[in-house]
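Novice: Provided below for reference: sequence and predicted model.
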Amino acid sequence: MESTHPPPNGRRILIDNFPNGVLVLFDADLYYRIVGPETLPFSGRKARDMVGKYLYDLFPEGTAVELEPRLNATINGKSCSFDIEYDDRIHHIETRPARIDANPYGVLVTQEVTEVRQTAEELERQNKRLDQFASMLSHDLRNPLSIALGELEQYRETGDATYLDGIEDALGRVNDLIVDLTALARSSIPSHEHEPVSLATVAWNAWEVIETRSASLETQDCTIVGDWSQLQALFENLFRNAIGHGGVDVTVRVGPAGDGFYVEDTGKGISLEDREEVFKHGFTTGYGGSGVGLTIVNRIATEHDLEVSLAESAEGGARFEFRDSV
């Protein structure tokens, strides 16, 4: 006949062998009353050192402040499910209310989910990039190709060589879009593999590979940490944007700004109403750009933990500032 009773010390065995996580019973005063397993899998802390301790004695104030309202809500009968960052790792926490001898308690289970969350974020970024790709392939590339085919048909019918100029312009546009697609697809390396990069050197490398016409570049050197290939793509797109908007004689300046750097020009600048829109995929002010360049700039900045802000240069041109967002 099967026993209906748990084995001796069964609850303790369950707590001490809780798989891939931490199990906690806490009281209405936010003291930890039961903690398991014996050694916590994430931090290596001993459960016995946590039992009987107040929440604010167990964790840094910032973490405790974030936990406190959720644990109080649990004591008041509400289950909670949330992520919290602690000790450079992401933890998922589930809480459930409980009563023991008519007294309110809370049960907390936490599991370390850093890799899972990072994988989900990277998948979301890749899906967004794929959507941008599809948009360019279905719309931006189709237009110049249609123009080229139309000009080619006119040339065949009339033999008028002036139609070849239209074909050349359209194919040049296709080439520009392919460059943007390549930059959009360029993979970044993990941040822990970033290396010191000379700001002036990477800026000049980018300047040499684009059509600069009569524009000029001025640089002040400093060292930044990042992925060389990605940073060069960032500068290429900013320089194309500056020359496209500022004209063939524009001056572009690059230099340090606080804990980051700036790129500014002497062109016409970007209107206040457009500044909130310029980083959106497909937005363009009509100089002939694809509306992708600043999307690429913003993505590369984000992958380098840099926050981009847009202001004016002394001459009224555009000034992009990149500062540490961490």
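Specialist: Alright, I've got the coordinates. Residues are numbered from 1 along each chain as shown.
Novice: tell me which other helices or strands the helix or strand harbouring A98 touches.
Specialist: Element membership for A98 (DSSP states H and E) is strand 89-100. Applying 3 or more C-beta pairs under 8 Å, 6 or more residues apart in numbering; DSSP states H and E, we find strand 89-100 packed against helix 61-75, strand 80-86, strand 103-112, helix 114-135. From N, CA and C alone the C-beta is placed, and that goes for glycine too.
Novice: out of these, which is closest to G36?
Specialist: Across the helices and strands packed on strand 89-100, G36 has its closest neighbour in strand 103-112 (10.4 Å, C-beta to C-beta).
Novice: and the angle for the closest one with strand 89-100?
Specialist: Using axes from the mean of the first three to the mean of the last three C-alpha atoms, to 10 degrees, one finds that strand 103-112 and strand 89-100 are set 160 degrees apart in direction.
Novice: show me what stretch 216-224 is in contact with.
Specialist: Contacts made with stretch 216-224 from outside it, assessed by C-beta atoms under 8 Å, 6 or more residues apart in numbering, are listed as 196-201, 203-204, 207, 231, 239, 250-256, 260-261.
Novice: mind redoing it with 10 Å?
Specialist: When contacts are defined by C-beta atoms under 10 Å, 6 or more residues apart in numbering, stretch 216-224 is touched by residues 194, 196-204, 206-208, 231, 235, 239, 242, 249-257, 259-266, 304, 306, 322, 324.
Novice: now, which of these lie within helices?
Specialist: With helices taken from DSSP state H, the overlap with these comprises 199-204, 206-208, 231, 235, 239, 242.
Novice: taking the residues you listed, please make a ChimeraX selection of just the buried ones.
Specialist: To isolate the buried subset of the ones in helices among the contacts of stretch 216-224 in ChimeraX, counting by 16 or more other C-beta atoms under 10 Å, use the following:
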select :199,200,202,203,206,207,231,235,239,242
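Novice: what two of the ones in helices among the contacts of stretch 216-224 are the furthest from one another?
Specialist: Distance extremes for the ones in helices among the contacts of stretch 216-224: the farthest pair is T201 and A242 at 18.9 Å, using C-beta to C-beta.
Novice: re earlier: pairing partners for the strand holding A98, with directions?
Specialist: In the sheet containing strand 89-100, its partner strands are strand 80-86 (antiparallel), strand 103-112 (antiparallel), by DSSP bridges.
Novice: gap between V254 and H91?
Specialist: Relative to H91, V254 is positioned 41 Å away (criterion: C-beta to C-beta, to the nearest Å).
Novice: tell me which of those two has more neighbours.
Specialist: V254 (26 against 20; other C-beta atoms under 10 Å).
Novice: for that one, give me its contacts.
Specialist: Residues touching V254, when contacts are defined by C-beta under 10 Å, 6+ apart, comprise 199-200, 202-204, 206-207, 217-222, 235, 238-239, 261-264, 320.
Novice: so what's A161 up against?
Specialist: By C-beta under 10 Å, 6+ apart, the neighbours of A161 are Y155.
Novice: one more: W228?
Specialist: If you count contacts by C-beta under 10 Å, 6+ apart, then W228 has 189, 194-198, 201-202, 205 around it.
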